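> compute the structure for the input listed below.
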Amino acid sequence: MRNARAGLDYQAVIQAAALLADSEGLEKLSMANLAAQLGVQSPTLYHYVNGLTGLRRALTLYGLKILTTQLGREVMGKAGDDAVLALAQTMRNFGKEHPGLYAAVQTAPDPEDAEWLNTGREVVDIMIRALSAYKLSPEDAQHAIRMLRIIVDGTISLEKIGGFGLPLEVDETLRRLLVSLLDYLHMTPPK
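Below you'll find the predicted structure:
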């Protein structure tokens, strides 16, 4: 899309939207509050994104690219249990540092959107490689990825709403859940 205002470009719009989503929540992101943040009128944003739907899609792709980079860096050189623990910790850190982008990347891709599918596939591929030491069938690997996402997302979601009221360390609870997942992975027979 063309430049509608000097100094404003697609990347600046998406970065500002990401900061806004992270600080106020993805659900509160609107074209109006993004325009106000950027000091432009809402119609100006349509030069860069296709409305709120296009903005959320762009945020999802942006978040997936950041997550892919972080996961790749943290998992590199690790295998087995160390790789799975690195995946979990990286996903949790991403969720804490970028709550708006984290919420965006949790959305399943539009099956007709090749770019979204390919970008999301990069995250899944890193996870599958991290699980390769367990000799899982493709189906079991996909279930393991879902299980890991559920564990991490449940922790992030409950932390966000203040759902851990007992005087116990959340990190210890998460560690125990991850140990249970690792035990399951070691017991899952290859198919």
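
> quick check: buried residues in the regular element (helix or strand) spanning residue 141?
Assignment of secondary structure by DSSP states H and E places residue 141 within helix 138-160. Applying a neighbour-count criterion of 16 or more other C-beta atoms under 10 Å, one finds 140-141, 144-145, 148, 151-153, 155-156 buried in helix 138-160. Where you see a C-beta, it was placed from the backbone N, CA and C, and this is true even at glycine.

> and that helix, what does it pack onto?
Contact here means 3 or more C-beta pairs under 8 Å, 6 or more residues apart in numbering; DSSP states H and E; on that basis helix 138-160 packs against helix 80-97, helix 99-105, helix 114-130, helix 170-187.

> so for it, mean pLDDT?
Average pLDDT, helix 138-160: 94.

> now do that helix against helix 80-97, angle only.
Note on geometry: by axes from the mean of the first three to the mean of the last three C-alpha atoms, to 10 degrees, helix 138-160 and helix 80-97 are set 40 degrees apart in direction.

> could you check how far helix 138-160 is from the centre of its chain?
12 Å (C-alpha atoms, centre = their mean, to the nearest Å).

> for that helix, list the C-alpha coordinates in PDB.
Once side chains and other backbone atoms are set aside, the C-alpha atoms of helix 138-160 remain, and they are given as PDB (Å, rounded to 0.1, in the frame of the first residue of the first chain):
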ATOM      1  CA  PRO A 138       3.000 -37.300  13.200                       C
ATOM      2  CA  GLU A 139      -0.400 -37.500  15.000                       C
ATOM      3  CA  ASP A 140       1.200 -38.000  18.500                       C
ATOM      4  CA  ALA A 141       3.600 -35.000  17.800                       C
ATOM      5  CA  GLN A 142       0.600 -32.800  17.000                       C
ATOM      6  CA  HIS A 143      -1.200 -33.900  20.200                       C
ATOM      7  CA  ALA A 144       2.000 -33.200  22.100                       C
ATOM      8  CA  ILE A 145       2.200 -29.700  20.600                       C
ATOM      9  CA  ARG A 146      -1.400 -29.100  21.600                       C
ATOM     10  CA  MET A 147      -0.700 -30.400  25.100                       C
ATOM     11  CA  LEU A 148       2.300 -28.000  25.500                       C
ATOM     12  CA  ARG A 149       0.200 -25.100  24.200                       C
ATOM     13  CA  ILE A 150      -2.600 -25.900  26.600                       C
ATOM     14  CA  ILE A 151      -0.200 -26.100  29.600                       C
ATOM     15  CA  VAL A 152       1.600 -22.800  28.700                       C
ATOM     16  CA  ASP A 153      -1.600 -20.900  27.600                       C
ATOM     17  CA  GLY A 154      -3.500 -22.100  30.800                       C
ATOM     18  CA  THR A 155      -0.600 -20.800  32.900                       C
ATOM     19  CA  ILE A 156      -0.500 -17.400  31.100                       C
ATOM     20  CA  SER A 157      -4.300 -17.000  31.100                       C
ATOM     21  CA  LEU A 158      -4.700 -17.800  34.800                       C
ATOM     22  CA  GLU A 159      -1.700 -15.500  35.600                       C
ATOM     23  CA  LYS A 160      -3.300 -12.700  33.600                       C
END
